[in-house]
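K.L.:
next come a sequence and a model predicted from it.
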Amino acid sequence: MVPLARDARPSRFSTPARCILMRILKILGPAALALVLAASPVYAQRRDPVAELIGLLKNDDVSVRRAAAFSLKYFPNDEAAIPALIGVLDDADSRVRDNAGDALALMYPREAVPALVAATRNANALTRQKAAETLGRFAEHAAPAVPSLILLLRDDNAVVRQAATVALRRIQGGGWQ
């Protein structure tokens, strides 16, 4: 459930916080305000923000899905988000996929490796690049992805080839070169 305006009563927030919330609403819109409220300490005391963000990953509005996937990286110790993030790795929007990959990279879940390997075969070059970068951040946990990353070394896109090269170095213990 998305936080409602009635949940953001002025008495719950200090004057500077109210000003910030109003700017977020004006500049980024209600979806961003909902995500900020979901992550706020006042709101989090009453509800589970991770569960709320997981629900927002299925929203029809692409900007809400993008923001939800982005916000989940601020909860890296909550394993409840892992299956939902894996599920949106095949979202129609590349930014949703990228944000989900970034969140997963902070969680290091081994179960995400097969979905990321599948993403290395995506038609979108940016998705292939982000999948390779995310696998590289998993380091030795991504060893099963090495054959797919080797295939990316022959990709038509130079940026994808570079991402695969860096990922292979990281997986094989070469560090962050």
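P.N.:
Happy to help now that I have it. Keep in mind that this is a model prediction, so the values were computed, not measured.
K.L.:
what is the least confident helix or strand in this protein?
P.N.:
Sorted by mean pLDDT, DSSP states H and E, the helices and strands of the chain end with helix 41-46, the least confident at a mean of 54.
K.L.:
past that one, which element shows up next along the chain?
P.N.:
Per DSSP states H and E, helix 41-46 leads on to helix 49-56 as the next helix or strand towards the C-terminus.
K.L.:
the helix or strand following that following helix: which residues count as buried?
P.N.:
Reading on from helix 49-56 to the C-terminus, the next helix or strand found by DSSP H and E is helix 62-71. Within helix 62-71, the residues that count as buried by 16 or more other CB atoms under 10 Å are Ser63, Val64, Arg65, Arg66, Ala67, Ala68, Ala69, Phe70, Ser71. C-betas here are computed from N, CA, C, even on glycine.
K.L.:
from those residues, which is closest to Ala112?
P.N.:
Using CB to CB, Ala69 is the member of the buried residues of helix 62-71 that sits closest to Ala112, with 13.1 Å.
K.L.:
which helix or which strand is home to the spatially closest residue to that closest one that is not a sequence neighbour?
P.N.:
Once its chain neighbours are removed from consideration, Ala69 has its nearest residue in Asn99; the separation is 3.6 Å (CB to CB, 6 or more residues apart in numbering). Assigning secondary structure by DSSP H and E places Asn99 in helix 94-107.
K.L.:
just the buried residues of that helix, please?
P.N.:
Here helix 94-107 shows Arg95, Val96, Arg97, Asp98, Asn99, Ala100, Gly101, Asp102, Ala103, Leu104, Ala105, Met107 as buried, counting by 16+ other CB under 10 Å.
K.L.:
now swap in stretch 124-135 and tell me
P.N.:
Residues of stretch 124-135 classed as buried under the neighbour-count rule (16+ other CB under 10 Å) are Ala125, Thr127, Arg128, Gln129, Lys130, Ala131, Ala132, Glu133, Thr134, Leu135.
K.L.:
out of those residues, which comes closest to Asn59?
P.N.:
Thr127 (20.2 Å).
K.L.:
so which residues of this protein form helices?
P.N.:
If you assign secondary structure with DSSP state H, the helices in the chain sit at 15-28, 30-39, 41-46, 49-56, 62-71, 81-87, 94-107, 113-119, 125-137, 146-152, 158-171.
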